[in-house]
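Chemist: sharing a model that was predicted from the sequence below.
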Amino acid sequence: GENVEQHPSTLSVQEGDSAVIKCTYSDSASNYFPWYKQELGKGPQLIIDIRSNVGEKKDQRIAVTLNKTAKHFSLHITETQPEDSAVYFCAASSARQLTFGSGTQLTVLP
Amino acid sequence: SAVISQKPSRDICQRGTSLTIQCQVDSQVTMMFWYRQQPGQSLTLIATANQGSEATYESGFVIDKFPISRPNLTFSTLTVSNMSPEDSSIYLCSVVWGAEGTEAFFGQGTRLTVV
């Protein structure tokens, strides 16, 4: 089955700096890669996704890149704000089944 | 996107008892999913619930422990049976959406503590 590894497990940045979270996947059949943000006491919220036929996607301050050859994808958050502090999960989808990474606790320091 | 409501949002239960979690979606969906998120951990799929058929369970999860009902296209329940402290987790309901049926949306979760 699919295996998704996510790094780092924790990340602290100063407000205004950029944050990068990286994931690798094992199943070359995976074709959909979403990112979720989970705030304390809430369910995961889809923030951005990318499909295997696209190399990069951007939505305001967040962007995702995908390298199919290397089987890795990354989340980039620019101009971080305190409200970006949360746990972020990557996931890979093969045959509509999602496999999640282990999560990254992002802390944005004011 | 779909709006998903889960009840209860949290509960504290005695070991040996059972808890039923409800999930209501504001639109009709073919498949509903139940996940477990143990403290500080990632999400693990428990089972997939299709309306009108038996739920499909992932490895390590069995129907006797986690019976699921799916009476219609907008509602599902997950029961955690004969609970032990190891069942303390967040349980999440999810549906998939979008043209390709891959975008997953989650309820707010049910935080279960077993004492």
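Modeler: Yes, it's here.

Chemist: switch to C-alpha atoms for all contacts and neighbour counts from now on
Modeler: Fine.

Chemist: surely residue B:69 meets residue B:63?
Modeler: No. The criterion here is C-alpha atoms under 8 Å, and residue B:69 misses it with residue B:63 at 10.6 Å.

Chemist: neighbour-wise, which of the two wins?
Modeler: Counted by other C-alpha atoms under 10 Å in any protein chain shown, residue B:69 and residue B:63 do not tie: residue B:69 has more neighbours, with 19 against 16.

Chemist: the more buried one and residue B:90, how far apart?
Modeler: Separation of residue B:69 from residue B:90 (C-alpha to C-alpha, to the nearest Å) stands at 19 Å.

Chemist: what's the residue in chain B positioned nearest to chain A sitting at in phi/psi?
Modeler: Residue of chain B nearest chain A, by C-alpha to the nearest C-alpha: residue B:108 (4.1 Å). With angles defined as degrees, to the nearest 10, residue B:108 sits at phi -80, psi -10.

Chemist: and for residue A:82?
Modeler: Dihedral angles of residue A:82 (phi, psi; degrees, to the nearest 10) stand at phi -50, psi -30.

Chemist: identify the bridge partners of the residue nearest to it when sequence neighbours are not counted.
Modeler: Leaving aside its sequence neighbours, residue A:82 sits nearest to residue A:108 (C-alpha to C-alpha, 6 or more residues apart in numbering or on different chains; 5.0 Å). Beta-bridge pairing of residue A:108 under DSSP bridges involves residue A:13.

Chemist: list the contacts of residue A:108.
Modeler: Residues near residue A:108 by C-alpha atoms under 8 Å, 6 or more residues apart in numbering or on different chains: A:12-15, A:80-85.

Chemist: the helix or strand bottoming out on mean pLDDT in chain B near chain A at all?
Modeler: Counting by mean pLDDT, DSSP states H and E, the weakest-scoring helix or strand in chain B turns out to be strand B:103-106, with a mean of 91. Yes. Applying C-alpha under 8 Å from any C-alpha of the partner chain, one finds strand B:103-106 touching chain A at B:103-106.

Chemist: got it, and stretch B:15-34?
Modeler: No. Judged by C-alpha under 8 Å from any C-alpha, stretch B:15-34 stays clear of chain A, getting no closer than 10.1 Å.

Chemist: so what's the gap between that stretch and the chain middle?
Modeler: A distance of 5 Å separates the centroid of the chain from that of stretch B:15-34, by C-alpha atoms, centre = their mean, to the nearest Å.

Chemist: now do stretch A:47-64
Modeler: Its chain's C-alpha centre and that of stretch A:47-64 lie 10 Å apart, by C-alpha atoms, centre = their mean.
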